[in-house]
Structures are given as C-alpha cells and as structure tokens.
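K.L.:
Quick one, what's the 3D model for this:
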Amino acid sequence: MSDAPPSAAAGASASAQAAAFANDDRIHFSRETGTWRLENEDGTELEFDSAKGVWVPVLDEELIKKQQAAYSVAGVDEETPAAPVLKRANKKRKEPENYTSYTPPTEPSAKRGKNDKPAKSKNTAVYVTGLPADTDVDEIVERFSKFGVIEEDDEGESKVKLYAREDGSFSGEALVVYFKEESVTLAVNLLDDAELRIGDASTIMSVQKAEFRHKHSGGVGEEAKLRKTVDKKKITRRIGKMQKKIEEWDDEDGFGPAKNEEDEKKVVNRNCRVVVLKHMFTLQELDEDASLLLDLKDDVRSECSSLGEVTNVVLYDKEADGVMSVKFRDSLSAQACVIKMNNRFFAGRRIEAFLYSGKQRFKRSGAGDDLDGDNDESEQQRLDDFASWLMTDGD
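P.N.:
Coordinates of the predicted model:
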C-alpha cells in the first residue's frame, strides 16, 4: 500500500505548495493544467485541489468511454438529444420567416471561438546587443540579476545564451531569460543604454524585449529548446527553487535581494521622492557658460522622465560639488533613478546619486535649498541674468 501523499493547507501559496511536495518523487507540476499531479503505483493519478487542500482523482477519458459503451443500448444514438430538446428545436425551425426584408450575412462574432485561440505565452526574455568581446556569462548574470530572478535550467545553470559568429567569436549579443515577466520591463527601462561595467563608457549596451525573430545560427528561435520539458521531477524541483528565490527578494520595492539588518540602517527614507545628484557641473563651467544652467536642467529632466513623471529639477549653483536635485511624482521612480544614475559618468565625472534624507541643505542664488518645492521660481535671478546676457551678447 502506497504512503499517504503530502498535503498543503487550503489556499496555500504556490511557493508553500512547492515546498510541501518537493520531496515526494511521485508528485510533479503539470504545466498543461497548472496543477500538482500525483502518480500512484497502479498508474492512476490524483490532482491537488489548492482551494480545498485535498487530492482528488483525475478522470480517465478512456475509462469513461468504456463505461458508456458498457451501458449503451443497441440502436440508440447516444449523440442524439432527448425528445423534449428535439421538440424545442423543431418549434424554433417552424417559425415563419420574414421574406419582406433582407438581412445581409454578418461576419462571425468576435466572441465566437475566442477560447479556441492558443493562450499567449509569456515572454520573460531580454535581447542584449553591444556587449564587449570579452563578456562572459557570470558578468551578465551579476548585472542583470539586480532586476529580477534569472531562470535556471535543470542543472542549476542560469539561462543566459551568448551568440557566436560563424568563426566562433562572440558577436556581442546575448539572451537573458528571467523567471518573471515583470523583470523584463524593469531590465529594459533601467539597463537599456547603460554600461555593462559601471564607469566604462565603452561597455554601453542595448537591452530590448526579445521578439524571437533575430536570425542567428542556433538563434533566438531556440527558445523552445530552453523550455523543453525533460523530466517532470526536475521541473518540479526547479520551480520550487525559483519560487524560493522570489521570496528572498525585497517585496517593498522589488529591487534586488531582501535587505539585511545592515542594509536597513542605510535606508533613510523609503518614501522619498527626491533624488540628489552630485558632480553634475563645476562652478567654473557655470561662470563660463550662462546657458549651461538651462541646458543641464533640460537634459536631466529628459533623462529622468523615462523613469517616471518629474515634477521639479533644481540646480544649486553655489555648491562646489555640482549638486542638482530631481523630484518625482512617486517614490518608486526616485529609487529607479538612483539605480540608473549612481556611478554613471557625465562629462568625465562620476555621478553620485542618492535619496534625499531630509537633513542636507544646499545653496543656490537667491534662495534656500528648496528641495521640497514643486516650482522653479526661486531661480528667477539667474534666469534674469541669463536674459541680460542674451541681450548684450555680441555688443
């Protein structure tokens, strides 16, 4: 007699179910039905009802057909509706037709057959180009894993594919497969046109959502091979492992693994919407070019708007560290800005980006720090000076 199968509480999460069933070799996860299946020694199968927290028998279609054949009556067509149903159908057909009007044939209803369409598969991969010739898989995993859990194969290797030319050399293109579809959007928004190696402008790469139509020898179209099911037990263990990694991520902001106690001490204001940027300019540059102030503000606003709605950009022209601040409509966009801008190079200087703690005070002409303001009125004096410069330029 086989042992009683393990169970999970009713309404348990997917990760809890995976953990409960991971050690039983009889249990596998069916991607076709999206449920857990248990195969008994006699060949029968049970399906786990997650809503009730119990195992229920899986109906065998062949067995049902055999039972129908055993109880069938000779000369009776089982497919024919019962008499009351036929009577109602005949009554509808006998209704008089209206020959005085013409109704053109209509197109098939858009709703008809909508369930017959194959379900749209989720795209969890990004396509990367412009990578340096000496790039390796570990380097890509380290950079891209900051934006989501990278899927692994049955051997535990990250699903990252580097493409080669006909002569065997690296083409500078790669495919990275994430476990969750949401990670694709995050990676594209924050890594596209960013450096693979922070601080090295020669490693700027392009990151786009994979469309699986790029042509390579053994190209992106081989994604089907990546998802080929080899062993149900291996698939079950791998899904459980991926779910565990998802739980290790920080649920509050979605960026990177969960913070430890040391990291928590460094977080000054989780809901802050203001980002401080240092080393954006020098005081000498501002003195030599009166138009630099407006150009810098426009450039920073344009760059940061790709991460979220920007409500204010301020340049502190009395700060030797070249300080600017960017205020967003929401805190998540501010966090994304810090990730994208910190340690990037601008005009030969390394930018320092961080969330405003509420304690720093920066100076600018004719105003205080005004980090919490939503307008630029306090810069009127410098703008007036700029207008005067335009009027006298060339005199």
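K.L.:
list the helices and strands the helix or strand encompassing L315 packs on?
P.N.:
Secondary structure assignment for L315, by DSSP states H and E: strand 310-316. For strand 310-316, the elements it packs on are helix 292-304, strand 323-328, judged by 3 or more CB pairs under 8 Å, 6 or more residues apart in numbering; DSSP states H and E. Yep, even glycine has a C-beta here, placed from its N, CA and C like the rest.
K.L.:
buried residues in the longest one?
P.N.:
Burial within helix 292-304, assessed by neighbour count using 16 or more other CB atoms under 10 Å, is assigned to 292-293, 296-297, 300, 303-304.
K.L.:
how far does stretch 175-195 stretch from start to finish?
P.N.:
Start-to-end span of stretch 175-195 (CA to CA, to the nearest Å) is 17 Å.
K.L.:
Show me where the stretch 151-300 of the chain has its strands.
P.N.:
Using DSSP state E, counting those that start in this stretch, the strands of the stretch 151-300 of the chain run over 160-164, 170-177, 194-195, 204-209, 274-278.
K.L.:
With the stretch 1-150 of the chain instead?
P.N.:
Using DSSP E, counting those that start in this stretch, strands in the stretch 1-150 of the chain cover 27-30, 35-39, 45-49, 54-57, 125-129.
K.L.:
in its sheet, what does the first one sit against?
P.N.:
Right, strand 27-30. When pairing is defined by DSSP bridges, strand 27-30 lines up against strand 35-39 (antiparallel).
K.L.:
And the last one, by the same measure?
P.N.:
In the sheet containing strand 125-129, the strands it pairs with under DSSP bridges are strand 170-177 (antiparallel), strand 204-209 (antiparallel).
K.L.:
Kindly format the C-alpha coordinates of the last one as CSV.
P.N.:
What follows is the C-alpha trace of strand 204-209 in CSV, where atoms were taken according to Å, rounded to 0.1, in the frame of the first residue of the first chain:
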residue,chain,number,x,y,z
ILE,A,204,27.2,50.7,-23.2
MET,A,205,24.7,48.1,-24.3
SER,A,206,21.2,48.0,-25.8
VAL,A,207,18.6,45.9,-23.9
GLN,A,208,15.2,45.2,-25.6
LYS,A,209,12.4,42.7,-25.0
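K.L.:
What are the buried residues along it?
P.N.:
205-207.
K.L.:
What's the local residue count around S183?
P.N.:
Here the number of neighbours of S183 (other CB atoms under 10 Å) works out to 23.
K.L.:
quick one: contacts for it?
P.N.:
Residues near S183 by CB atoms under 8 Å, 6 or more residues apart in numbering: 124, 147-149.
K.L.:
Repeat that for L296.
P.N.:
Residues near L296 by CB under 8 Å, 6+ apart: 280-281, 315, 324.
K.L.:
pretty sure S331 is in contact with N271, am I right?
P.N.:
Yes: between S331 and N271 there is a contact under CB atoms under 8 Å: 4.8 Å.
K.L.:
For the strand holding L315, buried residues please.
P.N.:
Residues 310, 312-316 are the ones in strand 310-316 that count as buried (16+ other CB under 10 Å).
K.L.:
In this structure V207 contacts A125, no?
P.N.:
No: using CB under 8 Å, V207 makes no contact with A125, being 11.0 Å away.
K.L.:
need the strands paired with strand 125-129 in TSV with distance to A19 and mean pLDDT, can you?
P.N.:
Shown next, in TSV, are those (distance: least, CB to CB, whole Å; pLDDT from 0 to 100):
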stretch	distance to A19	mean pLDDT
strand 170-177	24	92
strand 204-209	32	92
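K.L.:
So for I339, which of those strands sits nearest?
P.N.:
Checking the strands paired with strand 125-129 against I339 by CB to CB gives strand 204-209 as the closest, at 13.9 Å.
K.L.:
ok, the residue lying closest to I351 once chain neighbours are set aside - contacts?
P.N.:
Sequence neighbours aside, R344 is the residue nearest to I351 in space, at 5.0 Å (criterion: CB to CB, 6 or more residues apart in numbering). Counting by CB under 8 Å, 6+ apart, R344 touches 194-195, 198-199, 350-351, 353.
K.L.:
Separate out the buried members of the residues you listed.
P.N.:
By the neighbour-count criterion of 16+ other CB under 10 Å, the contacts of R344 include these buried positions: 194-195, 351, 353.
K.L.:
how about the helices in the stretch 101-250 of the chain?
P.N.:
With DSSP state H, counting those that start in this stretch as the criterion, the stretch 101-250 of the chain has helices at 137-144, 182-191, 223-226, 232-248.
K.L.:
Render the CA-only coordinates of stretch 336-345 in CSV, please.
P.N.:
Taking Å, rounded to 0.1, in the frame of the first residue of the first chain, the C-alpha atoms of stretch 336-345 are listed here in CSV:
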residue,chain,number,x,y,z
ALA,A,336,14.9,53.7,-10.1
CYS,A,337,16.7,56.9,-10.8
VAL,A,338,19.3,56.2,-8.1
ILE,A,339,19.9,52.8,-9.5
LYS,A,340,20.3,54.1,-13.1
MET,A,341,22.3,57.3,-12.3
ASN,A,342,24.6,56.3,-9.4
ASN,A,343,28.2,55.8,-10.6
ARG,A,344,27.5,56.8,-14.2
PHE,A,345,30.0,59.1,-15.9
